[in-house]
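Trainee: Sequence and predicted model, in that order:
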Amino acid sequence: MIGIIILLFVVLGIILSNGRGSFLIAGFNTKSKEEKEKYDTIALCKFMGKVMFALSASMVLWVISEALEITWLFTVGLVLFIAIMIFMLIYINTGNRFRKWKNRV
């Protein structure tokens, strides 16, 4: 089951890394067209694609920990997963990193 989720994350990472799939980003897809035009959707998609790859890698650690029966590896993967999520939320929500016009409000 986890293998299917990892595969899904990798496929989504590929789609997002190509600068497509902004409709898959929660919150961004509900913005009005005028609000979406204020953002660099390609940069946002590429960043989210990298996040999906990083989350996939942390989940691979879970699979390896089960296969090799190494419990601490699961813990490392879980901590990494949570750290990536926290980093992503802070990085996206602070500053105007993905705005097209950084000097506008």
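Mentor: Thanks, I have the structure now. Numbers count the residues shown, from 1 in each chain.
Trainee: Contact partners for residue 60?
Mentor: 6, 77 (CB atoms under 8 Å, 6 or more residues apart in numbering). The way it works is simple: take the backbone N, C-alpha and C, and place the C-beta from them, glycine included.
Trainee: now do residue 5
Mentor: Per CB under 8 Å, 6+ apart, neighbours of residue 5: residue 59.
Trainee: what about 10 Å?
Mentor: Shown in contact with residue 5 (CB atoms under 10 Å, 6 or more residues apart in numbering): 55, 56, 59, 62.
Trainee: Quick check: pLDDT value at residue 102.
Mentor: Among the per-residue scores, residue 102 shows a pLDDT of 56.
Trainee: in the protein, which spans are helices?
Mentor: Ranges of helices in the chain, per DSSP state H, are 2-17, 33-36, 41-68, 71-93.
Trainee: out of the ones you listed, deepest packed?
Mentor: Of all these, helix 41-68 has the most neighbours on average by mean count of other CB atoms under 10 Å, namely a mean of 17.
Trainee: got the angle between that one and helix 71-93?
Mentor: Using axes from the mean of the first three to the mean of the last three CA atoms, to 10 degrees, the interaxial angle of helix 41-68 with respect to helix 71-93 works out to 170 degrees.
Trainee: how about TSV for the contacts of residue 5, with pLDDT and distance to residue 89 added?
Mentor: Formatted as TSV, the contacts of residue 5 follow (pLDDT from 0 to 100; distance: CB to CB, whole Å):
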residue	pLDDT	distance to residue 89
55	97	13
56	97	18
59	97	18
62	96	21
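Trainee: Can I get the residues you listed in CSV including distance to residue 35?
Mentor: Output for the contacts of residue 5, formatted as CSV (distance: CB to CB, whole Å):
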residue, distance to residue 35
55, 27
56, 30
59, 32
62, 37
